[in-house]
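In: my questions are about this predicted structure, shown below with the sequence.
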Amino acid sequence: MEQQITILCLASYCKGTTFLTAAKQLGCRVLLVTREKLRDEAWPRQDIDEIFYMPRLSTQPDIIYAIGYLMRAEAIDRIVPLDDYDVPTAALLREHFRISGLGETVTRHFRDKLAMRLKARAEGFRVPEFTPVFNHARLSEWMNRVSPPWLLKPRMEAGAMGIKRVNSADEVWHWLNELGDQQSYFLLERFVTGDVFHVDTIMWQGKVEFALAHVYGRPPIHVAHDGGVFVTRTMPRRDKNAKALLAFNAKLLKALGMVNGVSHTEFIKGEDGEFYFLETAARVGGANIEQLVEAAGGVNLWAEWAKMEVAQVKGETYAAPPDAGKYAGVLICLAKQEWPDLSGYQAAEIVYRVHKQQHAGLIVASESQARVEELIAEYGQRFAHDFLAVAPPLDTAPI
């Protein structure tokens, strides 16, 4: 009788429910460790064998003690982080318990904004000019050499969280003084203007099995700081920019050490016409990118991740489904209504509606890229009129 595979999932936020369901459907024993505050979230409990709760998943040495105690009774084969904040914790646990998967050093390339930039630059990839803020003399020299504006970025936050745009050295010193002992957890980067893109990828044995390129309506940092409707949509498969991004992405992920798994990687096209690497993550993208990629490419990244984890344990091969070749776009905004009414949006191309308090969102998909662009433009204006609310950006994710 074949031994059942046990997968331990970490979730500091209610995400990755598709992974839990897919792993169960593949015959795995599925364990979930999450936060006490998420006890009442809509977890697919029918697909989870046991759920364990902790105040926080990242606290050391508590998480190692907890998983160590759990492993006295459970033979855990894989550890999977369902949220960006759990990626380093999963790496730490893999290292400690000698479980296969991304270790701490390589994980830094997919979580630490300074580590990923240093590695990418060392491997010859274009990145916006940046500097650590460890040594103040070197920081002063950098600011004298690189013209503002700059971005002061937290190294370990997700997306645009906690990023501050600064226009002078005095502002930098002010914020570093405010940060005190926390300042080494930040970096300073030249602010590059241009269109921002993302490539969502499945990697297997160091090669790209599936990848799809998308372009944001506005750079996420502008939406996060200034408000507005978040938009991203699929690029034409034959577009020269899309082809260039896919090639850049494949080489970059291999250089950063991605072997098996999924990734969400962002790039910017500078005023010089060149693509620059911004950041990457060893996870499925947020903001309903799971549904966006599935609507356009016919591939659910969470479900494929589960298949890869099982294939690795069993020593089997894996192949991603073929790209469905459709086009899709997502629109999301913070809403002034508690539960926005989207009943007035009835295009046949709507394939997904976001059900989240204080948020309005939907995904459209079509065989025609032009039709998607048309709907994105129309609905973007309507969202701004019907729903849009603006709130100050968060420095850190709520715990």
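Out: Received it, and whenever you're ready, just let me know what you need.
In: so which residues of the stretch 251-399 of the chain form strands?
Out: According to DSSP state E, counting those that start in this stretch, the stretch 251-399 of the chain carries its strands in the segments 261-269, 275-281, 327-334, 350-353, 359-366.
In: give me the low-pLDDT residue ranges for this structure?
Out: Scanning the chain for pLDDT under 70 picks out 1, 159, 392-399.
In: do that again at 80, thanks
Out: Per-residue confidence of the chain (counting by pLDDT under 80) places the weak regions at 1-2, 158-161, 224-226, 391-399.
In: dump the strands of the stretch 251-399 of the chain to TSV, plus mean neighbour count.
Out: In this view, the C-beta of every residue, glycine as well, is placed from N, C-alpha and C. Below are the strands of the stretch 251-399 of the chain laid out as TSV (neighbours: other C-beta atoms under 10 Å):
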stretch	mean neighbour count
strand 261-269	23
strand 275-281	22
strand 327-334	25
strand 350-353	16
strand 359-366	24
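In: reformat the ones you listed into CSV and put distance to residue 93 next to each item.
Out: Written out in CSV, the entries for the strands of the stretch 251-399 of the chain read as follows (distance: least, C-beta to C-beta, whole Å):
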stretch, distance to residue 93
strand 261-269, 16
strand 275-281, 18
strand 327-334, 32
strand 350-353, 33
strand 359-366, 32
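In: for residue 223, find the nearest of those.
Out: Each of the strands of the stretch 251-399 of the chain has some distance to residue 223 by C-beta to C-beta; the shortest is strand 327-334, at 8.5 Å.
In: please name every helix or strand in contact with the closest one.
Out: For strand 327-334, the contact count by 3 or more C-beta pairs under 8 Å, 6 or more residues apart in numbering; DSSP states H and E identifies strand 230-234, helix 289-297, strand 359-366, helix 369-386 as packing neighbours.
In: any idea which of these gets closest to residue 57?
Out: Among the helices and strands packed on strand 327-334, the nearest to residue 57 by C-beta to C-beta is helix 289-297 (21.3 Å).
In: run through who's touching the closest one.
Out: Residues lying outside helix 289-297 but in contact with it, judged by C-beta atoms under 8 Å, 6 or more residues apart in numbering, are 18, 198, 200, 210, 212, 214, 232, 234, 264, 284-285, 299-302, 323-330, 351-352, 363, 365.
In: extract the C-alpha trace of it and format it as PDB.
Out: Once side chains and other backbone atoms are set aside, the C-alpha atoms of helix 289-297 remain, and they are given as PDB (Å, rounded to 0.1, in the frame of the first residue of the first chain):
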ATOM      1  CA  ILE A 289      -4.000  37.000 -10.000                       C
ATOM      2  CA  GLU A 290      -4.800  33.300  -9.400                       C
ATOM      3  CA  GLN A 291      -8.200  33.800 -11.100                       C
ATOM      4  CA  LEU A 292      -6.700  36.100 -13.700                       C
ATOM      5  CA  VAL A 293      -4.100  33.600 -14.900                       C
ATOM      6  CA  GLU A 294      -6.700  30.800 -14.900                       C
ATOM      7  CA  ALA A 295      -9.100  32.900 -16.900                       C
ATOM      8  CA  ALA A 296      -6.500  33.700 -19.500                       C
ATOM      9  CA  GLY A 297      -4.300  30.700 -19.600                       C
END
